[in-house]
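S.K.: can't give you the sequence, but here's the structure:
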């Protein structure tokens with residue numbers, strides 16, 4: 001009887017150790033993949049706790065999508081540079097649950113008529129062929145940069161989206177975006193950065 005109990009305990013211990021090693025290997029593999037992806041996309045991702053709003057925020061800092069002249073997009077991005085920012089908002093000090101995601105689009109142009117007036121701020125995306133409306137973007141910043149040789153108009157639009165929608169977007173192969181008359185496709189480095197950001201939470 002004692003031998004049976006001993007054998008059972010020994011086998012249970014071996015299984016626990018094996019399971020722990022497996023989890024460590026998986027974690028190491030995920031960390032390695034995440035590191036490689038981060039290196040490839042070249043973007044900066046920050047994590048910090050916001051005490052005023054009692055939330056942990058993971059932020060993909062501003063990264064360029066393209067700057068006009070992109071193949072097939074000349075009519076919508078001519079003389080306009082567009083950049084993307086994204087953040088995940090987790091209540092409290094944890095990364096297990098995301099309350100919502102925020103998307104920001106930064107438009108830089110020398111042509112003032114390419115701004116997005118109030119009636120042209122609806123954001124649509126096409127995720128692997130599925131068209132989604134993400135809502136009306138709010139104007140966060142609207143100014144002129146006079147530090148350059150010629151005046152450059154800066155416009156930042158933002159919108160909060162459900163995490164479920166962001167997760168679908170981050171895990172897609174192809175994402176196209178359209179705000180008013182401006183449409184563009186996210187590049188591979190943008191998709192890699194969104195996946196990296198998304199992989200830092202436990203979805």
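M.R.: Sure thing, it's come through. Bear in mind the structure is a predicted one, so any value in this text is a computation, not a measurement.
S.K.: Return the set of residues that bridge with residue 126.
M.R.: For residue 126, the beta-bridge assignment (DSSP bridges) gives partners residue 131, residue 176.
S.K.: Now for it, how many residues are close by?
M.R.: Residue 126 has 16 neighbours, counted by other C-beta atoms under 10 Å. Heads up, the C-betas are built off the backbone N, CA and C, glycines and all.
S.K.: isn't it right up against residue 175?
M.R.: Yes. Between residue 126 and residue 175 there is a contact under C-beta atoms under 8 Å: 7.1 Å.
S.K.: List the contacts of the residue nearest to residue 185 when sequence neighbours are not counted.
M.R.: Once flanking residues are discounted, residue 185 sits nearest to residue 176: 4.9 Å by C-beta to C-beta, 6 or more residues apart in numbering. By C-beta atoms under 8 Å, 6 or more residues apart in numbering, residue 176 lies in contact with 125-126, 183-186.
S.K.: try it again with 7 Å
M.R.: Neighbour list for residue 176: 125-126, 183, 185 [criterion: C-beta atoms under 7 Å, 6 or more residues apart in numbering].
S.K.: Next: residue 138.
M.R.: The contact partners of residue 138, taken as C-beta under 7 Å, 6+ apart, are 157-159.
S.K.: Could you tell me which of those belong to strands?
M.R.: Among the contacts of residue 138, the ones falling in strands (DSSP state E) are 157-159.
S.K.: Could you break this structure into its assigned domains?
M.R.: 1-41, 44-199 (automatic domain parsing).
S.K.: By mean pLDDT, show me the worst of the ones you listed.
M.R.: The minimum mean pLDDT among the domains of the chain belongs to domain 1-41 (a mean of 47).
S.K.: In space, what's closest to residue 44 - neighbours in sequence excluded?
M.R.: residue 61 (4.3 Å).
S.K.: er, residue 133 actually
M.R.: Residue 133 sits nearest to residue 124 (C-beta to C-beta, 6+ apart), 5.4 Å away.
S.K.: where does the one you found land in three-state SS?
M.R.: Three-state call for residue 124 (DSSP: H, G, I helix; E, B strand; the rest coil): strand.
S.K.: any idea how far it lies from residue 166?
M.R.: Relative to residue 166, residue 124 is positioned 15 Å away (C-beta to C-beta, to the nearest Å).
S.K.: Counting neighbours, go ahead and name the busier of these two.
M.R.: Under the criterion of other C-beta under 10 Å, the comparison of residue 124 against residue 166 puts residue 166 first, with 24 against 15.
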